[in-house]
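Chemist: Below are the sequence and a predicted model for it; my questions follow.
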Amino acid sequence: MPNLAMHISNGIIDTPVSAAFAGLALVALAVCVNRGRNDLDERLAPMAGLVAAFIFAVQLLNFQVLPGVSGHPLGGVLAAMLVGPWVGALCVSTVLIVQCLVIADGGLTALGLNITNMAIVGTAAGYLLAVLLLRLLPKTPTGLAVTAFVASLVSVVASSQGFVFEYWLGGTTTLSIPVVASTLAGVHLLIGIGEGLIAATTVATVARVRPDLVYAMRRFRVKAAPVAPVRAPETVAGGAT
Amino acid sequence: MTKRLWVFIACGLFVTLVLAGVVSNFASSSPDGLDATTLQGCTTDAKGNITGGTCMAQQAKDHELKDSPLAGYGIKGIDNPYLSTGLSGVAGVLITFGLGYGIFWLARRRKAPAEAGVAEPGAGD
């Protein structure tokens, strides 16, 4: 049976390293719950549930990137931009836990590895870049779409390099690390383009329909004054179509 | 306000269910980027079984829950592949939404949203 799995299986990374990353993932998730509570109110909770479900769905949508090789979105950037980084990482984790426990995708012993790469590393890298980009780009649907695209690209490649790090620490085979790293980076750059398009479409659509539900529109500029409800559509500067 | 929110959630869920239940059947069945890399160095037959060489996937072990009813993005006992894939996608979406919403609802901040926002973490329970 080919391709019934999409995440790290049992046995690819040795037990001590898998266990260490399980511990790391647990700590990271606890931090996310703790910090995410500040963002989670009556409105964000159902929205976050929807984002998790949506990520589960788009992860099913493998698209061809090379002959014989496909890719699927991971969802970290999409989640961070819609519901914030902490809750976003929890959304991706929820998906990975359901996939592991219900679908049997991604080994039980590899769950910590998969959560670390996709939910933590992927979301963190994409979020940090998105915050940076949104200092330069306008907070319009178009600006958000460009941000989501670029951040997804980087996020997916960062996730794949998380695996390389784990493989370097505890791989059960001894393949050349540079080869593994470059192969994964190359493929995931292509996957990142696909994910970027999906994330950009999704974020821009929600931003058009319900801008008040997009975390990136409300709270990304944390440093600036405590967000006054930005209702007045400031005359959008020209340029971006 | 709340009603508008739930209209949005319902529409979002509908789109999500269509993606998972219908569009998923048109997804590529090639191994994904990670899987393909774990197979690098090995030769495989038409069914994707390893026939020789050296690669990461040779060390892969079975999943602990490989016999669960929804294992491998299909539903045990449903022979029609489209139905099996689609329904497992729908089930996965509903389970994920239920679990996610449940967790996030329990973890939510209980204070009235004071806009100035000095909500302290961990004050709940």
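Modeler: Great, that's in hand.
Chemist: where along chain A do the strands fall?
Modeler: With strands called from DSSP state E, chain A shows them at A:63-66, A:69-71.
Chemist: The residue lying closest to A:Gln99 once chain neighbours are set aside and A:Thr201: what is the separation?
Modeler: The shortest distance from A:Gln99 to any non-neighbouring residue, by C-beta to C-beta, 6 or more residues apart in numbering or on different chains, is to A:Asp105 (4.4 Å). Where C-beta positions appear, they are placed from N, C-alpha and C, glycine not excepted. A:Asp105 is 25 Å from A:Thr201, where distance means C-beta to C-beta, to the nearest Å.
Chemist: the more surrounded of those two?
Modeler: More neighbours surround A:Asp105 than the other of A:Asp105 and A:Thr201, with 25 against 14 (other C-beta atoms under 10 Å in any protein chain shown).
Chemist: Which residues are in contact with that one?
Modeler: A:Leu4, A:Ala5, A:Met6, A:His7, A:Gln99, B:His63, B:Gly72, B:Tyr73 (C-beta atoms under 8 Å, 6 or more residues apart in numbering or on different chains).
Chemist: Could you check the pLDDT of A:Ala224?
Modeler: pLDDT recorded at A:Ala224 is 45.
Chemist: repeat for B:Ala114
Modeler: pLDDT recorded at B:Ala114 is 50.
Chemist: A:Ala200 too?
Modeler: pLDDT for A:Ala200: 98.
Chemist: wait, it sits on A:Ala145?
Modeler: Yes. If you go by C-beta atoms under 8 Å, A:Ala200 and A:Ala145 touch, sitting 4.0 Å apart.
Chemist: Read off the pLDDT value for B:Ala46.
Modeler: Note on B:Ala46: pLDDT of 79.
Chemist: Tell me if it really is in a helix.
Modeler: No. Checked against DSSP: H, G, I helix; E, B strand; the rest coil, B:Ala46 lies outside a helix; its state is coil.
Chemist: shaky segments in chain B?
Modeler: B:1, B:111-125 (pLDDT under 70).
Chemist: hang on, the earlier thing: tabulate the contacts of A:Asp105 in a markdown table, adding columns for distance to A:Phe21 and neighbour count.
Modeler: Rendered in a markdown table, the data for those read as follows (distance: C-beta to C-beta, whole Å; neighbours: other C-beta atoms under 10 Å in any protein chain shown):
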| residue | distance to A:Phe21 | neighbour count |
| --- | --- | --- |
| A:Leu4 | 23 | 18 |
| A:Ala5 | 18 | 25 |
| A:Met6 | 18 | 24 |
| A:His7 | 13 | 24 |
| A:Gln99 | 17 | 24 |
| B:His63 | 18 | 23 |
| B:Gly72 | 24 | 19 |
| B:Tyr73 | 25 | 22 |
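Chemist: Please identify the one among those residues that lies nearest to B:Ile50.
Modeler: Using C-beta to C-beta, the shortest approach to B:Ile50 within these belongs to A:Ala5, at 13.9 Å.
Chemist: Was I right to think that closest one contacts A:Ile103?
Modeler: No. A:Ala5 lies out of contact with A:Ile103 (C-beta under 8 Å); the separation is 9.1 Å.
Chemist: If anything else comes up later, I'll come back, but that's it for now.
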